[in-house]
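> Sequence first, predicted coordinates after that:
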Amino acid sequence: MKIGSSRVVEMERFPTMAYLHYMTFLMVLIGAVNCNVQDDLATLVKLFPGKYDNIAQYNYDIKHTPIAKRHLHLITTATPEQVPVLIGYQSFYVEQYLNGNISDVIRQRIYSYGIDAKTNEIVLKLYSFKDPSKFLHAPANSPTFTALTMGDIIYAEGCDVYWTRLSDNYFRSHMFNTCIVNIGGAEVLIIDRNNLTDTYLTADETWVFYKNQSVLKVYPSPYNMTNFPLKHQESVGIPQTHIGDTVKGQLMDFNSLIKALTTGHEVRYFISPDQCQVSSPSGKTMVQGGYIEDFEYFFDPLFGPQHYFGFSTSNVALNKSGELVTVLKEGFVYEQDGVHLRITTLTSDLSIVLDIVTINCSISTFGSSVQFFTGLKQLTPISSTNDLYTALKHGASVRFTADYRGCTGISAGAISGGVIQDYDFVEATQEVAVTQSKLITNYQGAGFATDIVIGQFFGNNSVTFYASDVTVSTHQPVYKENIYCSLSGRNPNGTVNLYQIP
């Protein structure tokens, strides 16, 4: 009792000192809490940018779910923006569209993240636009947003979304029952619940009549969208540090090759078989050279442990007897295992294989094995289908690349590219249609196949590719698919690029 009493006396004798100790402890505690929330906010805004696509969920529903209960195909993009008028908040431009078609936009918003001073939680404030067309398909860090005023936007009063960090890269949101909007003359309460990680975003939105609390509309629960990182525009030129011999424009390693091909540059190769491993039944080989017109670059684990790209060309030649034959060259360039070239000689009707030569080499710098070169040209990006048609009709040489990670209809990581040669222009739809085909070994069966890619570039800058392999012997497709993409020129999330070659 004496000890306890002594403590009470000490507190009473020095109330100011005790108060100061208490306040110091409290401020340290508050500072630690604020620091944690700041860290959480920094992590969340780092996770949030991206392209969120529920294509896997959509495809599953088509096979397994009744029509009335199926999810729509929804894509949500979030790009970071500098919005000075929303001081103290980190803002993103959010756009949602359906069916992989960027012309079918259903929502445009500004999402601004900050910390609520009252609750000490991460808060998301939502803004709509008075004139959404001014901001449609705006790229990251667009000057349109730096000039924005409060008169350009409408704050969604009562619809703040609060986020809680559950683990390192996992956040969950909640709302208070205060988001009431007018829909069709009725007051509707919107309840929004979301989960965000570094790989996906789930969204569950419910509409409730505020008057009688009956459910007006329940979206399928939830929308499960995979996160694809936003594609940032890269310089068309190849950095000098990646080229090596700048006089020749030699590409000295695998990464330089990929950089050149995927940014629209022409690439030629030279192979000296003397310093390669060669398998030839006839015992004779020749120096090989050529131009990589079309390529496919594969970097998904589905295709094997190494990144690689492939190309092929076929031409008619005369054999020693003066008979016409077809010579098929197929090249595979691996990140670690070098270059594998297979040369197949066939009868002109492609029914009989006359000879096969394989050449395996390493990529070397000077004078031996395999060398790759590119012209040091400054390419001109083409940003729209209309500009593509203008370039083609004036005789320009045009190449394209397509990064299929940003498209729908294909799930693996791959990039293809090539030269646009023959084309048709459909004036009614402002469509440019192009066709590519090449002979390849049929890797899904016996014999050979024609690899066909038909590209349709539409006036709204969407792009559809029809891809198929058709057997030479039966003319039956062994595989086919439709791939839906967008041009990148005026859409920051588009993954099809066009280049005019001087």
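Yes, it's here. Residues are numbered from 1 along each chain as shown.

> Return, as residue ranges, the portions of the chain with sub-threshold pLDDT.
Counting by pLDDT under 70, the chain contains low-confidence residues at 1-35, 184, 216-220, 229-248, 283-284, 364-368, 376, 411-412.

> Need the residue closest to the centroid of it.
Residue closest to the average C-alpha location in the chain (Cα atoms, centre = their mean): residue 406, at 3.4 Å.

> can you give me the strands in the stretch 201-350 of the chain?
215-218, 223-228, 250-251, 268-271, 277-279, 288-291, 295-298, 308-318, 324-334, 338-347 (DSSP state E, counting those that start in this stretch).

> Let's have those in a markdown table, adding mean neighbour count and distance to residue 64.
Where you see a C-beta, it was placed from the backbone N, CA and C, and this is true even at glycine. Converted to a markdown table, these look like this (neighbours: other Cβ atoms under 10 Å; distance: least, Cβ to Cβ, whole Å):
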| stretch | mean neighbour count | distance to residue 64 |
| --- | --- | --- |
| strand 215-218 | 12 | 19 |
| strand 223-228 | 19 | 14 |
| strand 250-251 | 22 | 47 |
| strand 268-271 | 18 | 47 |
| strand 277-279 | 13 | 49 |
| strand 288-291 | 14 | 47 |
| strand 295-298 | 20 | 30 |
| strand 308-318 | 16 | 35 |
| strand 324-334 | 19 | 38 |
| strand 338-347 | 19 | 41 |
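
> got those as a markdown table, with distance to residue 434 columns?
Compiled in a markdown table, those are given as follows (distance: least, Cβ to Cβ, whole Å):
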| stretch | distance to residue 434 |
| --- | --- |
| strand 215-218 | 43 |
| strand 223-228 | 26 |
| strand 250-251 | 26 |
| strand 268-271 | 23 |
| strand 277-279 | 37 |
| strand 288-291 | 18 |
| strand 295-298 | 16 |
| strand 308-318 | 18 |
| strand 324-334 | 23 |
| strand 338-347 | 27 |
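
> So which of these is nearest residue 109?
Taking Cβ to Cβ, strand 223-228 is the member of these nearest to residue 109, at 15.7 Å.

> Relative to the closest one, what are the paired strands and their orientations?
Using DSSP bridges, the strands paired with strand 223-228 are strand 50-53 (antiparallel), strand 200-209 (antiparallel).

> Mind checking the ones you listed for the one nearest to residue 425?
Per Cβ to Cβ, nearest to residue 425 of these: strand 50-53, 30.3 Å.

> Now do the next helix or strand after the closest one: distance to the chain's middle.
The first helix or strand that comes after strand 50-53 along the chain, using DSSP states H and E, is helix 55-64. Counting by Cα atoms, centre = their mean, to the nearest Å, helix 55-64 is centred 20 Å from the centre of its parent chain.

> Any buried residues in helix 55-64, and which?
For helix 55-64, burial by neighbour count (16 or more other Cβ atoms under 10 Å) applies to 55, 57, 58, 61.

> wait, which of these is closest to residue 256?
residue 55 (32.9 Å).

> and the closest one, what is it in contact with?
Neighbour list for residue 55: 73, 100, 226, 408, 411 [criterion: Cβ atoms under 8 Å, 6 or more residues apart in numbering].

> ok, so what distance separates the nearest residue to residue 363 once chain neighbours are set aside from residue 340?
Distances taken as Cβ to Cβ, 6 or more residues apart in numbering put residue 370 closest to residue 363, at 5.3 Å, once the chain neighbours are dropped. Applying Cβ to Cβ, to the nearest Å, one obtains 10 Å for the distance of residue 370 from residue 340.

> Equivalent analysis for residue 450, please.
From residue 450 to residue 340 the distance is 22 Å (Cβ to Cβ).

> now swap in residue 492 and tell me
Counting by Cβ to Cβ, the gap from residue 492 to residue 340 is 37 Å.

> Can I get the buried ones among the contacts of residue 55 as something I can paste into PyMOL?
Per 16+ other Cβ under 10 Å, the buried members of the contacts of residue 55 correspond to this PyMOL selection:
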select buried, resi 73+100+226+408
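
> Please flag which of the contacts of residue 55 sit within strands.
residue 226 (DSSP state E).

> doesn't residue 144 fall inside a helix?
Yes: under DSSP: H, G, I helix; E, B strand; the rest coil, residue 144 falls within a helix.

> show me the contacts for the nearest residue to it once chain neighbours are set aside.
Closest residue in space to residue 144, ignoring its immediate chain neighbours: residue 138 at 5.5 Å, by Cβ to Cβ, 6+ apart. With contact set as Cβ under 8 Å, 6+ apart, residue 138 has these partners: 79, 81, 93, 144, 145, 492.

> Show me what the residue nearest to residue 363 is bridged to.
On the basis of DSSP bridges, residue 370 is bridged to residue 271, residue 363.

> I'd like to know how many residues surround it.
Close neighbours of residue 370, defined as other Cβ atoms under 10 Å, add up to 23.

> same check, this time on residue 178
Count around residue 178 with other Cβ under 10 Å applied: 11.

> where does it land in three-state SS?
Criterion first, three-state DSSP; result for residue 178: coil.

> My understanding was that it contacts residue 158; is that so?
Yes: here residue 178 lies in contact with residue 158, judged by Cβ atoms under 8 Å, at a distance of 3.9 Å.

> who's in contact with the closest residue to residue 83 other than its chain neighbours?
Distances taken as Cβ to Cβ, 6+ apart place residue 91 nearest to residue 83, at 4.2 Å, with adjacent residues excluded. Listed by Cβ under 8 Å, 6+ apart, the contact set of residue 91 reads 80, 81, 82, 83, 110, 111, 112, 113, 145.

> okay, now the first one: neighbour count?
Counted with other Cβ under 10 Å, residues neighbouring residue 80 total 17.
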